[in-house]
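[1] Prediction below, plus the sequence it came from.
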Amino acid sequence: MIFLSWIVVSACSTENDPIWKDGRHLVEGITFDIFPVLDGSTSTFSLSRLITCKILGIDHEWVFEGTSELWTINPLWYSVPDRDLYSYFDSHVKLSQTHNSFINLIDNEADLILSARKMSDDEKAYAENAGVELIETPVALDALVMLVNTQNPVNSLTLRQIQDIYTGQITNWNEVGGKNKNISPYRRNANSGSQELMELLVMKGLPMADLPGESGIEWVLPSMGIVYTMLQDDSDGICYTVYYYHTRLIQETYKEKVKSIAINGIYPNENTISNLTYSCTAEVYVVIRSDLDQNSPAYKIYQWLQTEAGQDVIAESGYIPMGTSGNSVERISNTDIRIYPNPVTDGIRISGLTCTAELSLFNTSGNHILSKQVENDEYIQLHALPRGIYFLTLTTNNIHVSKKIIKQ
């Protein structure tokens, strides 16, 4: 993969608002002196840096950092006279990883975070104990991807097979078309972004099996980088990360030995993620405290990320933008949509839609059961479905809402 450098022609002084070359303000009124503290997931760090460079008019480029062994956006450190950009970025663009960035936001140690997932149950409890409410708004698309060694002949697994591997029902690769080798089921540490996505998108409430070995601790990988270190040396291993990290950030030498595989026969790529046909598509969130001053720089950036200009920068970073309608992202929050009755016996009605949406229904194995276009207040017959749990998604070009449906 070739990474191009994106260069802003000129840096602006602290007396003037940074502007695009065509004269449009990025975020009016934000200067070096009042720029907020950003934090977030490992995978969103380059986006945080790009946002900072764009808003402040700092020249920047993609570079490979030897210490982190990742591609990242770096400011041209000496491009702004009389500014120590090393110290400035160290204090304003933090990399605390997903869990700690949520804690920092709740503790008011960060003003805004970019997260690969929503709050975990532990973080919700921490926020509740602190008397803090957070606002989580999706601004980009990503996905959870399953990884194996390139020597592994398996190129696709069903969602059910992945579940069975991590619940201990499948233990040998020959049970899924591979070699007669025991599977090494690596997992991420609790509260990490990819672990929470794994539990939400793949396990869907199923408990992971006890890990092999005396303590099992060697199977829990504390960082995304270590996932690649382990899988390049273990041809029988399997683990997971997010699509953006795998395609944009990790060094090429790792990808020569570690590959992503298809789920339910569909490989993760920009098309299958943007049209939501890849079953483990996820959203990337900008998160703020609900008590944030709406005149503050952090709130202005929060709003700007949902505009056409903000979505352009998200696309420039390599993320898949959520999409725009006019000058802002049209969005339907989960609380705006009612799907009732639930549990359901005969059919459901959907209210709260402001436009036509594509309805898709999946069973717990990830199999596609139903697909149709629906309008607001439309009634959908489900009486022929067997009893059980289903997952319903409603999508347009600009929104993606998921609900669990119980059929009685």
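    That came through, no problem. Residues are numbered from 1 along each chain as shown.

[2] quick one, strands of the stretch 251-400 of the chain?
    All strands of the stretch 251-400 of the chain, identified by DSSP state E, counting those that start in this stretch, fall at 258-260, 262-263, 281-289, 320-321, 338-340, 347-351, 357-363, 368-374, 378-381, 388-395, 400-407.

[3] Name the stretch among those that sits most buried.
    Mean neighbours per residue, mean count of other Cβ atoms under 10 Å, is largest over the strands of the stretch 251-400 of the chain for strand 281-289, with a mean of 23. Using the backbone N, CA and C atoms, a C-beta is placed for each residue, glycine as well.

[4] Name the residue most distant from the centre of this protein?
    D82 (36.2 Å; Cα atoms, centre = their mean).

[5] returning to that earlier point: now render the strands of the stretch 251-400 of the chain as CSV, adding mean pLDDT and distance to V227.
    Shown next, in CSV, are those (pLDDT from 0 to 100; distance: least, Cβ to Cβ, whole Å):
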stretch, mean pLDDT, distance to V227
strand 258-260, 96, 8
strand 262-263, 94, 17
strand 281-289, 94, 17
strand 320-321, 91, 22
strand 338-340, 79, 36
strand 347-351, 84, 39
strand 357-363, 81, 27
strand 368-374, 85, 29
strand 378-381, 88, 40
strand 388-395, 78, 26
strand 400-407, 75, 26
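
[6] looking at the ones you listed, which is closest to T42?
    strand 281-289 (12.4 Å; Cβ to Cβ).

[7] May I have the phi/psi pair for the residue farthest from the centre of the chain?
    Torsion angles at D82 (phi, psi; degrees, to the nearest 10) stand at phi 60, psi 20.

[8] Also Y267?
    phi -80, psi 150.

[9] Mind giving me the packing neighbours of the helix of greatest length in the chain?
    Counting by DSSP state H, the longest helix found in the chain is helix 45-56. With contacts taken as 3 or more Cβ pairs under 8 Å, 6 or more residues apart in numbering; DSSP states H and E, helix 45-56 sits against strand 38-40, strand 60-65, strand 70-75, helix 85-92, helix 308-317.

[10] among the ones you listed, which is nearest R289?
    strand 38-40 (12.5 Å).

[11] could you give me the average pLDDT of the closest one?
    Averaging pLDDT along strand 38-40 yields 97.

[12] And stretch 132-151, how far out from the chain middle?
    Centroid separation for stretch 132-151 versus its chain: 2 Å, with Cα atoms, centre = their mean, to the nearest Å.

[13] what comes up buried for it?
    Going by neighbour count (16 or more other Cβ atoms under 10 Å), the buried part of stretch 132-151 is 134, 136-149.

[14] Could you do stretch 193-210 as well?
    So for stretch 193-210, counting by 16+ other Cβ under 10 Å, buried means 193-204, 208.

[15] picking that back up, for the longest helix of the chain, C-alpha coordinates in CSV please.
    Output in CSV follows, covering the C-alpha atoms of helix 45-56 (Å, rounded to 0.1, in the frame of the first residue of the first chain):
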residue,chain,number,x,y,z
PHE,A,45,-4.8,8.6,16.8
SER,A,46,-3.9,9.5,13.2
LEU,A,47,-7.4,11.0,12.7
SER,A,48,-6.9,13.1,15.8
ARG,A,49,-3.6,14.4,14.6
LEU,A,50,-5.0,15.2,11.1
ILE,A,51,-7.9,17.1,12.6
THR,A,52,-5.5,19.1,14.7
CYS,A,53,-3.2,19.9,11.7
LYS,A,54,-6.2,20.8,9.5
ILE,A,55,-7.8,23.1,12.0
LEU,A,56,-4.6,24.9,13.0
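
[16] Please shift the residue numbers so they start at 146 in all later answers.
    New numbering, starting at 146: the last item is helix 190-201.

[17] give me every residue that touches the residue farthest from the centre of the chain.
    Counting by Cβ atoms under 8 Å, 6 or more residues apart in numbering, D227 touches no other residue.

[18] strand partners of the longest strand anywhere in the chain, parallel vs antiparallel please.
    Taking DSSP state E as the criterion, the chain has its longest strand at strand 279-294. In the sheet, strand 279-294 lines up against strand 382-387 (antiparallel), strand 403-405 (antiparallel), strand 426-434 (antiparallel), strand 465-466 (antiparallel) (DSSP bridges).
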